[in-house]
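[1] I need the structure of the sequence given here:
(one chain, ligands or ions: 1)
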Amino acid sequence: MNKMPAADLSAFQAELVAIAKATNDTLDALLPLAPGPEGRVLEAMRYSALDGGKRLRPFLACASADLFGVPRARSLRAAAAVEMVHCYSLIHDDLPAMDDDDLRRGRPTVHKKYDEATAILAGDALLTEAFAVLADPATHPDGEIRAKLVAELARASGAAGMVGGQMIDLMAATLTLDDAGLKRLQNLKTGCIIAVACRMGAVLAGAPAATVDLLGNYGMDMGLAFQIADDVLDVESTAAETGKATGKDAAAGKATFVSRLGLEGAKKLAHQLAEQANNQLNSFGNKAVLLQQAAMFAVTRRN
Ligand code: GRG
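    I've put the predicted structure just below:
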């Protein structure tokens with residue numbers, strides 16, 4: 001989406017592929033098919049959660065945890081939990097009552113492949129399973145750390161986070177949002193889940209609150225950059241590239257940073273935010289290079 005010289009993101013790209021594969025394997029093991037008629041909801045959960053998506057949030061959880069040497073067996077469970085919440089949000093967002101989309105990750109949405117009731121249940125079950133995964137001692141032997149992970153993900157997902165942002169988004173047509181209001185909407189809807197993926201890496205390590213916040217601030221800045229890039233892609237990209245419908249914001253008359261600042265202004269702001277995100281990580285030195293490349297990826301990606 002930018003015309004600046006392309007930064008070398010090859011180390012990030014390689015790690016993203018590796019973490020995506022490991023996340024898929026973890027989700028596959030955590031969501032076994034069940035016998036009996038209720039197996040249909042597990043089929044729909046697996047359809048949503050396996051073999052798709054960029055897996056950026058799992059990458060962020062694992063790469064943040066790697067800063068502190070957290071074993072991958074633990075960080076991958078946190079990564080899978082965040083991805084389950086993300087997949088639930090995509091399933092529900094695609095429903096006719098919300099965004100009413102037929103295409104997601106290049107495939108029919110869950111309610112198109114199955115039916116609306118099954119899609120609602122699959123989303124509900126992915127959301128609840130995420131907390132079961134975090135609460136399991138396999139995620140961390142220390143119950144206090146497990147409780148912190150559960151609290152972090154609950155806060156980021158609920159009315160004070162993603163669900164709250166989605167509510168504002170649904171009401172946006174009837175609200176007059178100024179720039180601060182738009183930023184708040186995007187932070188809640190998109191930023192909170194991206195930020196919590198980063199925070200959970202530090203929580204798994206038992207890092208002090210200030211360090212957890214540092215990674216959270218990186219995640220919020222990069223989440224806003226990611227969302228602005230998404231709004232740019234909604235204008236500049238095609239469904240063949242993104243695997244989902246494009247041109248939806250303009251058709252719905254939705255206020256975005258693109259409608260506010262124009263395409264070039266929005267791209268500039270996204271890059272500024274990615275840089276701001278990366279500056280938060282300076283104290284980690286070279287150890288944070290993959291996370292810094294991830295922020296550049298967020299604003300240069302094509303899907
Ligand atoms: C329904 C509670 C509820 C919340 C919905 C996340 C969300 C809130 C809606 C999804 C639609 C959307 C465009 C949200 C903004 C965040 C975003 C860009 C999500 C898509 O994330 P990617 O690009 O998706 O990381 P993949 O498929 O790569 O995982």
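
[2] And for residue 140, nearest residue in space, chain neighbours not counted?
    Nearest non-adjacent residue to residue 140, counting by C-beta to C-beta, 6 or more residues apart in numbering: residue 146, 5.3 Å away. Heads up, the C-betas are built off the backbone N, CA and C, glycines and all.

[3] Tell me, how many residues neighbour that neighbour?
    As a burial measure, residue 146 scores 19 neighbours (other C-beta atoms under 10 Å).

[4] Quick check: phi and psi on it?
    phi -60, psi -40 (degrees, to the nearest 10).

[5] you'd agree it is up against residue 133?
    No - Residue 146 is beyond contact range of residue 133, at 10.1 Å (criterion: C-beta atoms under 8 Å).

[6] Overlap in contacts, those two.
    By C-beta atoms under 8 Å, 6 or more residues apart in numbering, residue 146 and residue 133 have these common neighbours: residue 139.

[7] residues near the residue of the stretch 1-150 of the chain found nearest the ligand, how many?
    Proximity of the stretch 1-150 of the chain to the ligand (C-beta to the nearest ligand atom) peaks at residue 53, 3.0 Å away. Neighbourhood size, residue 53 [other C-beta under 10 Å]: 21.

[8] Kindly report the same for residue 18.
    Residues near residue 18, counting by other C-beta under 10 Å, number 13.

[9] Now residue 92: which helix or strand?
    Assessed by DSSP states H and E, residue 92 sits inside helix 72-94.

[10] wait, what's in contact with residue 289?
    residue 11.

[11] How about the secondary structure of it?
    At residue 289 the chain is in helix, as set by DSSP: H, G, I helix; E, B strand; the rest coil.

[12] and the gap between it and residue 278?
    From residue 289 across to residue 278, the span is 10 Å (C-beta to C-beta, to the nearest Å).

[13] so where's this structure uncertain?
    Where the chain drops to pLDDT under 70, the residues are 1-6.

[14] Skipping adjacent residues, who's closest to residue 106 in space?
    residue 243 (3.6 Å).

[15] Also residue 83?
    Nearest-residue entry for residue 83: residue 58, 5.2 Å, with adjacent residues in sequence omitted and distances by C-beta to C-beta, 6+ apart.

[16] What number of residues are in the vicinity of that neighbour?
    Residue 58: 28 neighbours (other C-beta under 10 Å).

[17] Residue 175 contacts residue 168, correct?
    Yes - between residue 175 and residue 168 there is a contact under C-beta under 8 Å: 7.4 Å.
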